[in-house]
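K.L.:
fold the stuff below for me.
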Amino acid sequence: MSENIFLPYPVPYQAQIASPELAEAIFVDGLDPIHDPRWSESGAQNPEEYSYWVERACGVACLKMCIDALGGPHRSLIEWARLGVQRGGYLIRTTEDGVAQEIGWIHKNLAGMAVEAGLHAVAKDASVEEICDLIREDSLVIVSISYEAGDDRLPITKKGGHLMVVVGFEKDDEKILAMYVNNPSGRRPELQARARLSIDRFLQAYTGRIIIIKKI
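P.N.:
Below is the predicted model of the structure:
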């Protein structure tokens, strides 16, 4: 018989878009985010700023979920994004041809932002078993994973490129069966908060890198 083990406290879900119900339309069907009627709730100054961060905000969406869950300072999604840029957390490199190449969120900088918020945080490598041990210790874990793992219609073709918050796991007497995540880019409600990822899909998409966040 399997059992589900979750963190003992709620982790409020934060999508990287203002209207989670539009995730399918925006991420799959190509709806321009500037048409999201709730864009201002993100904290953006205008629809264009909001639209820029829609595809890029997974790192700060996960950070916000963790900090909100642990009682840290409350900021809007785009406020966290702006702070992340100020802290060097979002890396953009310029190639020899002068082209801007977006690398994405730097884990140690996201961890540093959590430390600034009064929490303990560290970026490191971890096995799935270690992630489960951390959940048992009531720690929040942000994992580097492919967004494909969070859409059950997609094959897994790569590792990483996206971040999710692990909130629990499923196990039986012999093995881990699934991980439960808050996925900021989940396409449908069942793929957003406490979304169940089979361990096979999780492992195919997981890079082995995490950020641990917990109270001091």
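
K.L.:
where along the chain do the helices fall?
P.N.:
23, 47-54, 58-69, 77-86, 107-116, 128-136, 199-205 (DSSP state H).

K.L.:
ok, L154 - contacts?
P.N.:
Contacts for L154 (C-beta atoms under 8 Å, 6 or more residues apart in numbering) come out as E148. Yep, even glycine has a C-beta here, placed from its N, CA and C like the rest.

K.L.:
pLDDT score for it?
P.N.:
What the model reports as pLDDT for L154 is 92.

K.L.:
just to revisit the earlier point, could you look over the helices of the chain and pick the most buried one?
P.N.:
Highest mean neighbour count of the helices of the chain: helix 58-69, a mean of 26 (counted as mean count of other C-beta atoms under 10 Å).

K.L.:
any idea of the angle that helix forms with helix 47-54?
P.N.:
90 degrees (axes from the mean of the first three to the mean of the last three C-alpha atoms, to 10 degrees).

K.L.:
check the offset of helix 58-69 from the chain's centre.
P.N.:
With C-alpha atoms, centre = their mean, to the nearest Å as the basis, helix 58-69 stands 7 Å off its chain's centre.

K.L.:
who are the packing partners of that helix?
P.N.:
Counting contacts by 3 or more C-beta pairs under 8 Å, 6 or more residues apart in numbering; DSSP states H and E, helix 58-69 is packed against helix 77-86, strand 100-105, helix 107-116, strand 140-145, strand 162-171, strand 206-214.

K.L.:
tabulate the ones you listed (JSON lines), appending distance to L177 and mean pLDDT.
P.N.:
Shown next, in JSON lines, are the helices and strands packed on helix 58-69 (distance: least, C-beta to C-beta, whole Å; pLDDT from 0 to 100):
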{"stretch": "helix 77-86", "distance to L177": "32", "mean pLDDT": "96"}
{"stretch": "strand 100-105", "distance to L177": "29", "mean pLDDT": "78"}
{"stretch": "helix 107-116", "distance to L177": "27", "mean pLDDT": "97"}
{"stretch": "strand 140-145", "distance to L177": "17", "mean pLDDT": "98"}
{"stretch": "strand 162-171", "distance to L177": "4", "mean pLDDT": "98"}
{"stretch": "strand 206-214", "distance to L177": "15", "mean pLDDT": "98"}
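
K.L.:
which residues touch I213?
P.N.:
Contact analysis of I213 by C-beta under 8 Å, 6+ apart lists 63, 66-67, 70, 111, 114, 119-121, 139-142.

K.L.:
nearest to R82, of the residues you listed?
P.N.:
Distance to R82 across those (C-beta to C-beta) is lowest for L63, with 12.7 Å.

K.L.:
what's near enough to touch the closest one?
P.N.:
For L63, the contact set (C-beta under 8 Å, 6+ apart) comprises 80, 84, 110, 113-114, 142, 213.

K.L.:
what's the farthest-apart pair in those?
P.N.:
It's G84 and I213 that sit farthest apart of the contacts of L63, by C-beta to C-beta, at 14.7 Å.

K.L.:
tell me the bridge partners for the residue nearest the centre of the chain.
P.N.:
In the chain, the residue lying closest to the centroid (C-alpha atoms, centre = their mean) is M164, at 3.1 Å. Beta bridges link M164 to V143, judged by DSSP bridges.
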